[in-house]
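J.: Provided below for reference: sequence and predicted model.
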Amino acid sequence: KESYAKGHVPTAFHINTDTVEPPPEWMLASDEELEKFALDYGFTKDDTVIVTGENQMAAYRVAVVLNYIGVEDVRVLNGGLAAWTAAGYELETKSNKPEPVADFGAPIPANPDVIVTQNELKSDVLSNQTCTLVDNRTWEEYIGETSGYSYHDKAGRIPGSVFGYAGKTDANSLDYYRNIDNTMRNFEEIIALWDEQGIDIENELTFMCGSGWRAAEVMTYAKVFGLENVSLYSDGWIGWSNNPDNPVETGEAKE
């Protein structure tokens, strides 16, 4: 809210991400809660929505949620507010309010395959040779040296996941996927990263990170590149490791 008040793209209204992933768990809201979110903020299935933000990951997270509920055309401003101002465009500080609607125009979620649940991950992804679970966290998170989060102390990875790069420092970094100006890197550069880890783009790719933010951005990039069989394991490492029945690996992955 403070960032929005300092300046935003003209006509934009503010969304608190807690609306789509309520605290204290910060897991994806229920379909009923997401339907209320859509109606309260005036979204319908036929809309074109452009998501912006000072924190780009937040924008990508919201964009994936909008795609999941069924908004027809969802886009994210490449490079965020910094790219907007660098191009010479002005910000406004006027607060804009969304206009609620009574009907989304389709059952929610209209695109359920965008999000993979924990049960689906176990039954449909990890056991399927044509599916790959891509872990978009730092190397230190992947090998279990750190959880990556101040509020979560469990470290490790999901057995069968493949390291898919993210950033070099913490859970807010995506150095490997962004240019110096924080715009999206090109297709060839990102595919080269995946080739190093044996990630086959002919497979169905399910992206994950700690809580869904980094992976939402990477999954959106994959869709921009034209990959259609992509999804997000939204609960991420935090959701997986909070279940004591789930297996965990640490150390470097074995061949």
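T.: Nice, I can see it.
J.: give me the beta-bridge partners of Glu92?
T.: Beta bridges link Glu92 to His8 when assigned by DSSP bridges.
J.: which residues touch it?
T.: Neighbouring residues of Glu92 by Cβ atoms under 8 Å, 6 or more residues apart in numbering: 7-10. Every residue, glycine included, has its C-beta placed from N, CA and C.
J.: how about 10 Å then?
T.: Counting by Cβ atoms under 10 Å, 6 or more residues apart in numbering, Glu92 touches 7-12.
J.: of these, which is the most crowded?
T.: Ranked by neighbour count (other Cβ atoms under 10 Å), the contacts of Glu92 have His8 at the top, with 22 neighbours.
J.: so, low pLDDT: which residues of the protein?
T.: 254-255 (pLDDT under 70).
J.: which pair of the contacts of Glu92 spans the longest distance?
T.: Greatest spacing in those, by Cβ to Cβ: Gly7 and Thr11 (13.1 Å).
J.: ok, back up a step: would you mind giving the contacts of Glu92 as JSON lines with distance to Asp170 added?
T.: Compiled in JSON lines, the contacts of Glu92 are given as follows (distance: Cβ to Cβ, whole Å):
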{"residue": "Gly7", "distance to Asp170": "26"}
{"residue": "His8", "distance to Asp170": "26"}
{"residue": "Val9", "distance to Asp170": "27"}
{"residue": "Pro10", "distance to Asp170": "32"}
{"residue": "Thr11", "distance to Asp170": "33"}
{"residue": "Ala12", "distance to Asp170": "27"}
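J.: which of these sits closest to Ala87?
T.: Nearest member of the contacts of Glu92 to Ala87, counting by Cβ to Cβ, is Val9, at 11.3 Å.
J.: what's the closest non-adjacent residue to the closest one?
T.: Thr52 (5.0 Å; Cβ to Cβ, 6 or more residues apart in numbering).
J.: neighbours around that neighbour, how many?
T.: 20.
J.: against Thr93, how distant is it?
T.: According to Cβ to Cβ, to the nearest Å, Thr52 and Thr93 sit 15 Å apart.
J.: and Gln129, by the same measure?
T.: Counting by Cβ to Cβ, the gap from Gln129 to Thr93 is 53 Å.
J.: so which bits of the helix or strand containing Val74 are buried?
T.: Using DSSP states H and E, Val74 sits within strand 73-76. Neighbour counts over strand 73-76 (16 or more other Cβ atoms under 10 Å) mark 74, 76 as buried.
J.: just stretch 50-63 next, same as before
T.: In stretch 50-63, counting by 16+ other Cβ under 10 Å, buried: 51-53, 56-63.
J.: next: stretch 187-194.
T.: Buried, per 16+ other Cβ under 10 Å, within stretch 187-194: 190, 194.
J.: residues touching it, excluding its own?
T.: Contacts to stretch 187-194, defined as Cβ under 10 Å, 6+ apart, come from residues 132, 134, 162-165, 176-177, 179, 184-185, 199-201, 205, 218, 221-222, 224-227.
J.: how about it as CSV, C-alpha atoms only?
T.: The C-alpha atoms that make up stretch 187-194 are tabulated as CSV, following Å, rounded to 0.1, in the frame of the first residue of the first chain:
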residue,chain,number,x,y,z
PHE,A,187,14.4,-17.4,-24.5
GLU,A,188,17.8,-18.8,-25.6
GLU,A,189,19.5,-17.7,-22.3
ILE,A,190,16.9,-19.3,-20.1
ILE,A,191,16.7,-22.5,-22.2
ALA,A,192,20.5,-22.8,-21.8
LEU,A,193,20.1,-22.8,-18.1
TRP,A,194,17.5,-25.5,-18.2
